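1. Mind looking at a prediction? Sequence and model below.
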Amino acid sequence: MIKLQIVGNLGKDCILKEVNGKNVINFSVAHTERYKDSKGEQKERTTWVECAYWTDRTAVAQYLTKGKMVYAEGSPEADGYTNKEGQVAATLRMRVQSIQLLGGKDDAQGSNQGNASYAGAAPAPAMRTAPPASQVPVEDDLPF
């Protein structure tokens with residue numbers, strides 16, 4: 001399985017639909033990368049990922065609004081097409097398995113939904129932390 005993980009902001013409010021008796025939440029996530037080109041000029045590149053979250057837990061849809069930051073994890077798909085200018089282009093899509101709300105627009109005004117996790121078939125990602133200082137081996141304890 002190929003896994004895609006993205007952290008970004010929602011470009012618009014999600015759309016909740018029922019398809020063949022199953023619920024799907026559709027939303028778009030944008031990730032903007034800032035970098036300097038070979039001439040030292042500041043550049044910006046935004047990648048959009050179209051997401052489909054098939055779930056019975058539709059309560060999360062009310063929090064998936066434009067500007068909110070999310071972490072989403074799932075299986076990627078890429079589709080090629082020819083755009084209006086006649087150029088070949090591609091769309092990146094993801095079938096979401098888990099999503100975590102990270103905050104964003106309106107959180108400073110009292111929303112406490114900043115770090116809620118919702119998972120379908122896969123568990124939400126675990127945060128990695130360093131072990132406590134008491135568990136870090138001392139040089140004398142090394143077996144070599």
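-> Arrived safely.
2. Sketch out the low-pLDDT regions of this structure for me.
-> Low-confidence segments of the chain (pLDDT under 70): 104-144.
3. the longest strand in it is where?
-> strand 88-104 (DSSP state E).
4. Check the gap between the closest residue to residue 75 other than its chain neighbours and residue 33 for me.
-> In space, and not counting its chain neighbours, residue 75 is closest to residue 95: 4.8 Å by Cβ to Cβ, 6 or more residues apart in numbering. C-beta: built from backbone N, CA, C; applies to glycine. Per Cβ to Cβ, to the nearest Å, residue 95 is found 23 Å from residue 33.
5. swap in residue 65?
-> From residue 65 across to residue 33, the span is 23 Å (Cβ to Cβ).
6. If you count surrounding residues, which of the two has more?
-> A count of neighbours by other Cβ atoms under 10 Å puts residue 65 above the other of residue 65 and residue 33, at 15 against 9.
7. Okay, and the more buried one sits in which element?
-> For residue 65, there is no helix or strand it lies in under DSSP states H and E.
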